[in-house]
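>>> Got a predicted model here, sequence first, then my questions.
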Amino acid sequence: MRSPGLRFGTTLAPALLVALAGVPAAEAQFQVGATFGVDMPTRDRLFQEYGGVNGSPVAYPVNERWRVGSGVMQGRVVRWMNHIGVEGTLGISLGNMNTRDSTNRVKESASHTIMASVRMPVRLTKRTSSLLVHASVGLGYLHYGGPAWVGYQNLGHPAAVVALGARGRMGRRSRWWFRVEVEDWMARSSFGQAGVLYGTQFYHSTTFGFGAVYQVGSRR
């Protein structure tokens, strides 16, 4: 049976397609592109389990895992309907995972995180401004993988996403726009190992990205 997180993730693409199809093309502005940047965990412990070595209590966690800052690449599809829009993103964050074991030894392993979201951006500036600023909120899905996660279960979790960004045209009649974005990803994660689920942990990370989008259709 699929996990709740996986079922949540499989609804993202259909929801985006339905939303994008809901407005006539003449009233919408369609953009595709990508951003590149860094992903910085701000609440960085994915889980912490306390216990003891050979039955003796210790002051440090006997099983602890946290991410370090990593590079992130995201593809974006957005359809603007006047001052609001619908956006879908799919990206990957590549970096390392640190794990502390019961002997207080820290091991570093390669890891990646798949990041998907559907969100609604709202333009905050006038349409005629040279720099268009927007804020957005939406639902996301995080899935962890790579050598660091071999032997672990329940690797996918739903997330909330809030973002603030800006975009500007690369020339008066250009179809290309530059784009900068700051995103906050928040999730409650509960990983498992050998059939045992760890305690639920709140996870929080911030991504900073810069890239470009191409405008399809009208240059409005």
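Structure's in. What do you need? Numbers count the residues shown, from 1 in each chain.
>>> which residues touch the closest residue to Trp176 other than its chain neighbours?
Counting by Cβ to Cβ, 6 or more residues apart in numbering, Met170 is the residue found nearest to Trp176 once chain neighbours are left out, at 4.5 Å. C-betas here are computed from N, CA, C, even on glycine. Residues near Met170 by Cβ atoms under 8 Å, 6 or more residues apart in numbering: Trp176, Trp177, Phe178, Ala212.
>>> Over to Ala110?
Counted by Cβ under 8 Å, 6+ apart, Ala110 has contacts Asn96, Met97, Gly146, Pro147, Ala148.
>>> Can you name every helix or strand that the helix or strand hosting Leu90 contacts?
In this assignment (DSSP states H and E), Leu90 forms part of strand 84-100. The contact analysis (3 or more Cβ pairs under 8 Å, 6 or more residues apart in numbering; DSSP states H and E) places strand 84-100 against helix 12-20, strand 63-67, strand 70-81, strand 106-123, strand 132-145.
>>> 6 Å instead?
helix 12-20, strand 63-67, strand 70-81, strand 106-123 (3 or more Cβ pairs under 6 Å, 6 or more residues apart in numbering; DSSP states H and E).
>>> could I get these as JSON lines with mean pLDDT and distance to Tyr152?
Formatted as JSON lines, those follow (pLDDT from 0 to 100; distance: least, Cβ to Cβ, whole Å):
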{"stretch": "helix 12-20", "mean pLDDT": "49", "distance to Tyr152": "23"}
{"stretch": "strand 63-67", "mean pLDDT": "73", "distance to Tyr152": "9"}
{"stretch": "strand 70-81", "mean pLDDT": "93", "distance to Tyr152": "18"}
{"stretch": "strand 106-123", "mean pLDDT": "91", "distance to Tyr152": "11"}
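>>> Now distance to Asp39 too, for these, in a markdown table please.
Conversion of the helices and strands packed on strand 84-100 to a markdown table gives the following (distance: least, Cβ to Cβ, whole Å):
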| stretch | distance to Asp39 |
| --- | --- |
| helix 12-20 | 19 |
| strand 63-67 | 8 |
| strand 70-81 | 4 |
| strand 106-123 | 8 |
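>>> so what's Val182 closest to, chain neighbours aside?
Using Cβ to Cβ, 6+ apart, the nearest residue to Val182 is Leu164, at 5.3 Å.
>>> Please name the bridge partners of that neighbour.
Beta-bridge partners for Leu164, by DSSP bridges, are Ala135, Val182.
>>> dump the residue contacts of the most centrally placed residue in the chain.
Residue closest to the average C-alpha location in the chain (Cα atoms, centre = their mean): Met115, at 4.0 Å. Taking Cβ atoms under 6 Å, 6 or more residues apart in numbering, we find Met115 in contact with Gly91, Leu142.
>>> How about the one 5 residues further on?
With contacts defined as Cβ under 6 Å, 6+ apart, the neighbours of Met120 are Ser136.
>>> Relative to Arg79, how far out is it?
Separation of Met120 from Arg79 (Cβ to Cβ, to the nearest Å): 11 Å.
>>> Phi first, then psi, for the residue nearest to Trp176.
In terms of degrees, to the nearest 10, the main-chain angles of Met170 are phi -90, psi 60.
>>> Model confidence for it, exactly?
On pLDDT, Met170 comes in at 92.
>>> any idea how far the residue nearest to Val182 lies from Val180?
Separation of Leu164 from Val180 (Cβ to Cβ): 9 Å.
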